[in-house]
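Enquirer: 3D, please:
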Amino acid sequence: MHAAYDLQQFRTADLIRRAERERLAREALRARRAARRAAARHTDDRESHTTTAPRRHGSPRAA
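Expert: Numbers count the residues shown, from 1 in each chain. As a prediction, the model looks like this:
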């Protein structure tokens, strides 16, 4: 009888550990995405204040 209880306790602890690892992985992914967005925003801001020639569009239009 104690074996079933011990097995259930082990399974519960394992599920809690797995959930914690998955939560940490999601948080790390969210942080990486936020950092990437912030870096892209910073690059866009810096480029918008440069005094270089305006960007040309990919395909020229016929006159």
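Enquirer: okay, CA-based contacts and neighbour counts for the rest of this
Expert: Will do.
Enquirer: so where is the chain shaky, pLDDT-wise?
Expert: With pLDDT under 70 as the threshold, the chain has low-confidence stretches at 1, 46-58, 60, 63.
Enquirer: For it, which segments count as helices?
Expert: Using DSSP state H, the helices of the chain run over residues 2-48.
Enquirer: so how far is A34 from H42?
Expert: Taking CA to CA, to the nearest Å as the measure, H42 falls 12 Å from A34.
Enquirer: do I16 as well
Expert: 27 Å.
Enquirer: Ok, A28 next?
Expert: From A28 over to A34 the distance is 10 Å, taken as CA to CA.
Enquirer: what about R11, neighbour count?
Expert: As a burial measure, R11 scores 12 neighbours (other CA atoms under 10 Å).
Enquirer: no, scratch that, I was asking about H42
Expert: 12.
Enquirer: again, but for D6
Expert: The criterion is other CA under 10 Å. On that basis, D6 has 11 neighbouring residues.
Enquirer: now R32
Expert: The burial count for R32: 12, using other CA under 10 Å.
Enquirer: Kindly report the same for R61.
Expert: Other residues within reach of R61 by the criterion other CA under 10 Å amount to 6.
Enquirer: and what of R17?
Expert: Burial measure for R17: 12 neighbouring residues, criterion other CA under 10 Å.
Enquirer: Repeat that for A4.
Expert: Neighbour number of A4 under other CA under 10 Å is 9.
Enquirer: and it, what does it touch?
Expert: Contacts were defined as CA atoms under 8 Å, 6 or more residues apart in numbering; by that measure A4 touches no other residue.
Enquirer: and what of R41?
Expert: The neighbourhood of R41, defined by CA under 8 Å, 6+ apart, contains no residues.
Enquirer: how far away is it from L29?
Expert: Here the distance between R41 and L29 works out to 18 Å (CA to CA).
Enquirer: Same check on E22?
Expert: Using CA to CA, one obtains 11 Å as the distance from E22 to L29.
Enquirer: repeat for R36
Expert: With the distance defined as CA to CA, R36 ends up 11 Å from L29.
Enquirer: next one: A13
Expert: Computed as CA to CA, the A13 to L29 distance reads 24 Å.
Enquirer: And A35, by the same measure?
Expert: 10 Å.
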